[in-house]
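Asker: this one's sequence-less:
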């Protein structure tokens, strides 16, 4: 079984404008059209069994509608392999009740994005949300490290993640982009002794740029196989989750990267799906 733990789709009314805007901001190519139909098509082509959609609330007022939409999406599309998480925003004041609603909807977890939401991960506004999510046994997935669209901005550093764990204890906590995009040396140094999960999204091989932008070749490099194996040594194959960040990477290329690693098949299967299956129960 292959489970993609990190995908995105956008509402039909705005998808064309949003995906083009994000592509221009990041100067990167997109590999599907950002729609639910496009995600399903990509899954079928790459033989992915389930995809987890991670919605992001950029304002507090979006939270309730996004969570209601996520619940409806699951009800209508689970048989097609679609699992949507919910969301929360650090400025949403009724977070305790809303997270209970997320739980009651049957959603497995929530996505937060400290960069888009403009609050550091270890700020009290996030700490109280994470504490409540842990109380409800919800998975929390956070963007971690730099964001390609916000050069130089880090609102979830490895040290901030460590501060969260030191304050709240261990819970079902997933740091996207191999624990912190392009903060990878710090991830290995600071987070190795924790029980966090990391996902592979937008972190392996190289960035595929738009044809209308010129990049320096060294800036396109992400983690190669040897560097990835350092994460396996530090975290264990059991704590690494496969993710594509669809529509921003090729699902087939992302899977091939894992398949070609110098690991035994059992560990590859853990990364590609068994770990996610276990985490989501």
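Answerer: Yep, that arrived. Worth saying up front: this structure is predicted, and the values here are computed from it rather than measured.
Asker: Please make it C-alpha for all contacts and neighbour counts, starting now.
Answerer: Will do.
Asker: could you pull out the helices for this protein?
Answerer: 15-26, 36-46, 63-77, 95-104, 114-117, 124-135, 158-168, 184-190, 225-235, 251-259, 265-269, 275-279 (DSSP state H).
Asker: With distance to residue 176, mean neighbour count and mean pLDDT added, can I get those in JSON lines?
Answerer: Formatted as JSON lines, the helices of the chain follow (distance: least, CA to CA, whole Å; neighbours: other CA atoms under 10 Å; pLDDT from 0 to 100):
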{"stretch": "helix 15-26", "distance to residue 176": "17", "mean neighbour count": "15", "mean pLDDT": "96"}
{"stretch": "helix 36-46", "distance to residue 176": "19", "mean neighbour count": "17", "mean pLDDT": "98"}
{"stretch": "helix 63-77", "distance to residue 176": "20", "mean neighbour count": "17", "mean pLDDT": "98"}
{"stretch": "helix 95-104", "distance to residue 176": "21", "mean neighbour count": "17", "mean pLDDT": "98"}
{"stretch": "helix 114-117", "distance to residue 176": "12", "mean neighbour count": "20", "mean pLDDT": "98"}
{"stretch": "helix 124-135", "distance to residue 176": "16", "mean neighbour count": "18", "mean pLDDT": "98"}
{"stretch": "helix 158-168", "distance to residue 176": "11", "mean neighbour count": "18", "mean pLDDT": "98"}
{"stretch": "helix 184-190", "distance to residue 176": "11", "mean neighbour count": "17", "mean pLDDT": "98"}
{"stretch": "helix 225-235", "distance to residue 176": "13", "mean neighbour count": "15", "mean pLDDT": "98"}
{"stretch": "helix 251-259", "distance to residue 176": "15", "mean neighbour count": "17", "mean pLDDT": "98"}
{"stretch": "helix 265-269", "distance to residue 176": "18", "mean neighbour count": "16", "mean pLDDT": "98"}
{"stretch": "helix 275-279", "distance to residue 176": "13", "mean neighbour count": "17", "mean pLDDT": "98"}
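Asker: how far out from the middle of the chain is stretch 203-218?
Answerer: Stretch 203-218 has its C-alpha centroid displaced from the chain centroid by 20 Å (CA atoms, centre = their mean, to the nearest Å).
Asker: That one: end-to-end distance?
Answerer: Distance across stretch 203-218, first residue to last, is 14 Å (CA to CA, to the nearest Å).
Asker: what's next to it, contact-wise?
Answerer: With contact meaning CA atoms under 8 Å, 6 or more residues apart in numbering, stretch 203-218 is reached by 23, 27-29, 177-178, 181, 220-224, 228, 249, 254, 257.
Asker: before we move on, what about stretch 160-167?
Answerer: With CA under 8 Å, 6+ apart, stretch 160-167 has contacts from 120, 121, 122, 127, 190, 191.
Asker: related to what we said a few turns ago, show the buried residues in the contacts of stretch 203-218.
Answerer: Listed as buried from the contacts of stretch 203-218 are 23, 27, 28, 29, 177, 178, 181, 222, 223, 228, 249, 254; burial here means 16 or more other CA atoms under 10 Å.
Asker: Quick check: residue 274 touching residue 1?
Answerer: Yes: look at residue 274 against residue 1 with CA atoms under 8 Å: they come within range, at 7.2 Å.
Asker: neighbour-wise, which of those two wins?
Answerer: residue 274 (20 against 12; other CA atoms under 10 Å).
Asker: thinking again about what came up before, could I get the buried ones among the contacts of stretch 203-218 in a markdown table, plus columns for distance to residue 210?
Answerer: What follows is the buried ones among the contacts of stretch 203-218, written out as a markdown table (distance: CA to CA, whole Å):
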| residue | distance to residue 210 |
| --- | --- |
| 23 | 8 |
| 27 | 6 |
| 28 | 5 |
| 29 | 5 |
| 177 | 21 |
| 178 | 23 |
| 181 | 20 |
| 222 | 16 |
| 223 | 20 |
| 228 | 25 |
| 249 | 12 |
| 254 | 18 |
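Asker: Which of the residues you listed sits closest to residue 101?
Answerer: residue 177 (27.9 Å; CA to CA).
Asker: who touches that closest one in this structure?
Answerer: Contacts were defined as CA under 8 Å, 6+ apart; by that measure residue 177 touches 143, 144, 145, 198, 199, 200, 201, 202, 203.
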